[in-house]
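Visitor: A predicted structure for the sequence below; I have some questions about it.
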Amino acid sequence: MDLWFDEKNNIAYIGLSGILDKDSILDALESTISCEKYKDGMSRLWDFRDADLSELKSSDILSIAIKSSELSSTMNEVNIAIVVKDSLDYGLSRMFQSYTNRTSQNMVFRTVEEAEQWLMGVAS
């Protein structure tokens, strides 16, 4: 996992690679929100461009959505951008988007630049 924080723009960057399952994604979320640099209300940019999400089932994605809400007290209050490389990953990420019951927004993108622009625009 590659984790870094842009405190000026209030964004946590979470980069994952390799074949991912629901536990590896939830572990990354838990590591992010428990990091001392993470601040409540910080937007999250998930970078899955180097990851393989093909092993995830719809039940896994539902579990991730439910568990992530339990792990993070601010889950419903932050904007989340998900960056993916192909159509399968895009579809899976959109499924996560539909499973979450959130008051803020989450969007799926093909580039980090588009995701950053959206996060910074939503936060203003």
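Guide: All right, it came through fine. Numbering: from 1, shown residues only.

Visitor: Next, give phi and psi for the residue most central in space within the chain.
Guide: Central residue of the chain (Cα atoms, centre = their mean): residue 46, 3.9 Å from the mean position. Main-chain torsions, residue 46, degrees, to the nearest 10: phi -90, psi 120.

Visitor: wait, it sits on residue 81?
Guide: Yes: if you go by Cβ atoms under 8 Å, residue 46 and residue 81 touch, sitting 7.1 Å apart. C-beta here means a position set from N, CA and C on the backbone, and glycine is covered the same way.

Visitor: Check the secondary structure at residue 5 for me.
Guide: At residue 5 the chain is in strand, as set by DSSP: H, G, I helix; E, B strand; the rest coil.

Visitor: Check residue 18 too.
Guide: Assigned with three-state DSSP, residue 18 falls in the strand class.

Visitor: residue contacts, the residue nearest to the centre of the chain?
Guide: Under the criterion of Cβ atoms under 8 Å, 6 or more residues apart in numbering, the neighbours of residue 46 are 14, 16, 80-83.

Visitor: Thanks a lot, see you next time.
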